[in-house]
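Asks: return a 3D structure for these sequence lines:
(4 chains)
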Amino acid sequence: MKHRVSLFLLLAVLLLFFPQQNAWAMHIMEGFLPLRWCLFWYAVTLPFLVVGIFSIYRSVRANPGVKMLLGLAGAFAFVLSALKLPSVTGSCSHPTGVGLGAILFGPAAMSVLGCIVLLFQAVLLAHGGISTLGANTFSMAVVGPLVAYGLFRTGQVLGLPRGLSIFLAAALGDLLTYVTTAFQLALAFPAPDGGVVASLVKFMGIFAVTQIPLAISEGILTVIIFNFLAAH
Amino acid sequence: MTQFILEARDVYYKYPDGTEALQGVTLGIPGGGRVAVLGSNGAGKTTLFLHFNGILRPLKGGVFFAGEEVRYDHRSLMQLRKNVGIVFQDPDTQLFSASVVQEISFGPLNLGLSREEVRRRVEEAMAATEIEDLKDKPTHLLSYGQKKRVCIASILAMEPRVLICDEPTAGLDPAHAARVMDLFQRINRQGTTVVLSTHDVDLAYSWADYVLVMSRGTVVGHGLPEEVFRRQELLRQADLTRPWLVEIHEHLYRKGWLPAGLPAPRTREELFDLILTRGAAGPGGLAPVHIFPGENMRPECVLCIAGKK
Amino acid sequence: MTQFILEARDVYYKYPDGTEALQGVTLGIPGGGRVAVLGSNGAGKTTLFLHFNGILRPLKGGVFFAGEEVRYDHRSLMQLRKNVGIVFQDPDTQLFSASVVQEISFGPLNLGLSREEVRRRVEEAMAATEIEDLKDKPTHLLSYGQKKRVCIASILAMEPRVLICDEPTAGLDPAHAARVMDLFQRINRQGTTVVLSTHDVDLAYSWADYVLVMSRGTVVGHGLPEEVFRRQELLRQADLTRPWLVEIHEHLYRKGWLPAGLPAPRTREELFDLILTRGAAGPGGLAPVHIFPGENMRPECVLCIAGKK
Amino acid sequence: MFKIDQYAYANKLRQMHPGEKFAFALLTMTICLAAPVPLVHLVVIMLMAGMVVLRAGIPARFYCKLLALPLSFLLLSVLAVCVSVTSHPGVPVYGPVIHGYAVGVTLAGLYQAGLILGKSLAAVSCLYFLSLTTPVVEIISLLRRLRLPSLFLELMGLIYRYIFVVMETADRMYISQSSRQGYASLKTAYHSLGQLVSNLFIKSYYRSSALYTALSSRGYTGDLPVLDNSFRLSGRNIIFIFLVELFLAGLAWHYWRWPF
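Replies: Below you'll find the predicted structure:
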């Protein structure tokens, strides 16, 4: 274990010299996953999208204005992810909006909106990709929102202070998104010695340094946003 | 150089999307003045203002505040933004806070002032813009004209030496527009330099004491309003029209109804006064004061009197 | 009653937030007319327009199209929206598609027309608004004025009998505003009733053939422009000013420089023409045509000739 | 606002049928992903660069910058792939030994990393070809012809349209805040950004209801039917695409496992 720690430190030092750290590193880029894993994650994500589309379809039937609301919400989510977030480490990064979106719109709608937003990030900003869209949608628009929404609801049920449950939902939703990404990468590229588990440790180690402060930043920001929203 | 509080010297700017917004702008804003920057949509007015506040940095050339070139380090920017305040065109994108008081205190608090000082400034700014009664209202429930005044108050509270206002009367009805222009008059009288952009030539002509005309990213003309607005070719080039007052005065004067040697009137009232008292006199001579028929007389009577004269 | 294509009879409306936007509005829009609805910010112009299109339903009173009261069932609404099109003030809240062609085709497709017919209408609307060259551009790369014309085209393509436009010239510089007004002139000449709201009295005076003045949720005056704009008390009440042309004409006429019996000029050109040809004639008599000194003469010469006259 | 988007509307391949561009990009990408053949990847990178720069007329400098964009993710991830930690002395590892564990790079790891690097760049080139030459509007029209759910596509269209509007609003808010010193320190920056985001959300909400009103006045009752631009299929292009894909597939087949 000790050795793992020293490896972690080694990589941490390496990363400090690395110029660009941002949340977009969480998107698996085009062509990075082998074809069979691309198809696998598309297949895994599809049911969630279908459920999301049907749930939206029902809402639009009841109130046609929901379509415009979701359109603006998706645009808002995209813009949010393009904002510069001042990070506690001093560098700049981008909020994911995973927690915020999940709490505001619910996880079902978020799967569809998230998928579209990720597609536009690939096409307009060259972050992520088409072949990896399934995998990225799964981590950012399925797992993240589900975790965030679940935590927020649990916090409400347990009677935690609202600020704390929002913070936990946003920060952990963010963090689990990244864990999922690391898991996807580890599955696709198991280490020759130690297999998937060793590989997972490596990927987590590399991204943890950047993602933990980011998750905290995003948690704080989400709490601030909800305070303002409550004031309006 | 020293009489200019703000200066741009050969400023070039190109937006990341490739639009060449400023192409060698050189101009000076006289301290304490009432300056109108005229130009059609897309002439570069807003881009220029963003340079005056240090939001944009020129690709080439320099911006000077009170004779000193703006360096783009933290301290220099703090200093500049404290002294130059911008009111943007769309009030909706400027108001964030839940209440008017919070909104106005945003700028002063960022300057790191004490709570008492901030409170004093907020109250003063609200008094100047006559919005004390809106104090606790949420900003999104205000009318357009009220929002506009809250925006101006939020800049005034920073007590800038130069107040820049982008299209202050756009979207306002005549009565509200007049109130806003009155407010600028008062602010200017207290020593603040006021710069505003507009495409309303009548408004600029009546209000400003110095006029800059922009077209396609450069300054194509500047000077006193009565000089600038006489240059038809310049106005045409900048897609502007001539102010009513200038046109009508010129026509009356050409026709011989108004004497030469008098300055062109700057307001409607001045013009009508001129017509009333000076009209139809010989060139240069003093016009006799007519006994003017009152508003309540029937038009025929007016005609008879006028006809007999 | 039958001469009105749109009518509101004693319409009351209150927004869910409690704002009483319309308080007993009764008015009629003459078919085939060019109607300007004037009023300050918050007078209720936009709320009224939303009633004409069936978006809002009056709490009390009724809206009539072509003499028939609007019922708020699906068929009646579709019928109304087919015949009455609204161009909203902010193009960004109206354009939902990034493609100009898609945007314009949306309305006609909702009318259940065939694809060929829709394509024909889209092309006609683009030709009428002179935006054929924008066909391949996305709406987010268009200028404000271009977006505005796309909005107008998207309504024109529905071939409505009444075209309503909310503040068509707000935010446009004089050159672009003139182009938009020209467009409305052409649309009207083809038989479409055009209604627009504005607080630009000069524009309304020059363009409209019927004027409605609103203030605080009611209609406070209506009639021919030359009548309405003579009523100073009415304009003051509605926070409006008098048009330049009316003021200057009245002053010149009172002074006796312009003869009576002639209609007030409706455009700048008409006024200047009047000054040139009719000025200083006796009451009622035909003015002699003066040989007018050209623009190139020195002012002194002009004065001499004019003075000697 | 986004350079890629601007080029999509103004490039020399704008009038080519979007279906042809779409098929060309996706088929090539699939071959790249399926074939672990560095030569194929290299050929595709060159081919796409040629198509984008020479045929579509995108400036080479801009294209190079774009290619460098994903490098930070790529290098990080590739590092994770090729660095191994092992306690088995048999595996040749180049790197320091810490407490009996060798931390370093194996030859196989290095090869795998190189392969991923090439493959990713090739796939990214295909993505760039599509996004630099084909406007999003046309891609959505194409997906409509491919019978994707219309609700999904309508949402795509709305989101795409309003990304630009919301972005501009956010931009203006940011400028207005920074002109009032809103981002002068970390504390005020968090405060300002929080205000910005919540305000942006509220604005977006109001905008959505204004949009609903405007569309209702044009007869909206739940569907957003639109007319698509029509393009002409070109026989020459189809043959070209067919031949290129055939060539790439053949190359992949022949050099499978090359050079080891």
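Asks: which one is residue B:109 nearest to, not counting chain neighbours?
Replies: Nearest in space to residue B:109, with sequence neighbours left out and distances taken as C-beta to C-beta, 6 or more residues apart in numbering or on different chains, is residue B:118 at 5.7 Å. Heads up, the C-betas are built off the backbone N, CA and C, glycines and all.
Asks: list the buried residues of the helix or strand containing that neighbour.
Replies: In the assignment (DSSP states H and E), residue B:118 maps to helix B:115-128. Residues B:118, B:121, B:122, B:125, B:126, B:128 are the ones in helix B:115-128 that count as buried (16 or more other C-beta atoms under 10 Å in any protein chain shown).
Asks: all strands of the stretch 151-300 of chain B, in order?
Replies: For the stretch 151-300 of chain B, the strands defined by DSSP state E, counting those that start in this stretch occupy B:162-166, B:193-198, B:210-215, B:218-223.
Asks: now the third one against strand B:193-198, angle please.
Replies: Angular relation of strand B:210-215 and strand B:193-198 on a 0 to 180 degree scale: 40 degrees, by axes from the mean of the first three to the mean of the last three C-alpha atoms, to 10 degrees.
Asks: with the first one instead?
Replies: Counting by the same axes, to 10 degrees, strand B:162-166 lies at 10 degrees to strand B:193-198.
Asks: residue boundaries of the helices in the stretch 51-200 of chain D?
Replies: For the stretch 51-200 of chain D, helices defined by DSSP state H, counting those that start in this stretch occupy the ranges D:60-68, D:71-82, D:107-133, D:136-145, D:150-179, D:186-216.
Asks: now chain B
Replies: Here chain B has its helices, by DSSP state H, at B:45-52, B:74-83, B:100-110, B:115-128, B:144-156, B:174-189, B:201-207, B:225-228, B:232-237, B:244-255, B:268-278, B:299-308.
Asks: so what touches the first one?
Replies: By C-beta atoms under 8 Å, 6 or more residues apart in numbering or on different chains, the residues outside helix B:45-52 that reach it are B:6, B:8, B:11, B:13, B:15, B:21-22, B:25, B:37, B:39, B:56-58, B:63, B:84, B:86, B:89, B:162, B:164, B:166, B:195, B:197, B:214, B:217, D:175.
Asks: if we use 7 Å, what do you get?
Replies: B:6, B:8, B:11, B:13, B:21-22, B:25, B:37, B:39, B:56, B:58, B:63, B:84, B:86, B:164, B:166, B:197, B:214, D:175 (C-beta atoms under 7 Å, 6 or more residues apart in numbering or on different chains).
Asks: dump the helix holding residue B:118 to PDB, restricted to CA.
Replies: What follows is helix B:115-128, C-alpha atoms only, in PDB (Å, rounded to 0.1, in the frame of the first residue of the first chain):
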ATOM      1  CA  ARG B 115     -19.700  48.800   5.300                       C
ATOM      2  CA  GLU B 116     -20.600  52.400   6.400                       C
ATOM      3  CA  GLU B 117     -19.000  53.900   3.400                       C
ATOM      4  CA  VAL B 118     -20.800  51.500   1.100                       C
ATOM      5  CA  ARG B 119     -24.100  52.300   2.800                       C
ATOM      6  CA  ARG B 120     -23.500  56.000   2.400                       C
ATOM      7  CA  ARG B 121     -22.700  55.700  -1.200                       C
ATOM      8  CA  VAL B 122     -25.600  53.400  -1.900                       C
ATOM      9  CA  GLU B 123     -28.000  55.900  -0.400                       C
ATOM     10  CA  GLU B 124     -26.400  58.800  -2.300                       C
ATOM     11  CA  ALA B 125     -26.600  56.900  -5.600                       C
ATOM     12  CA  MET B 126     -30.300  56.000  -4.900                       C
ATOM     13  CA  ALA B 127     -31.100  59.600  -4.100                       C
ATOM     14  CA  ALA B 128     -29.400  60.900  -7.200                       C
END
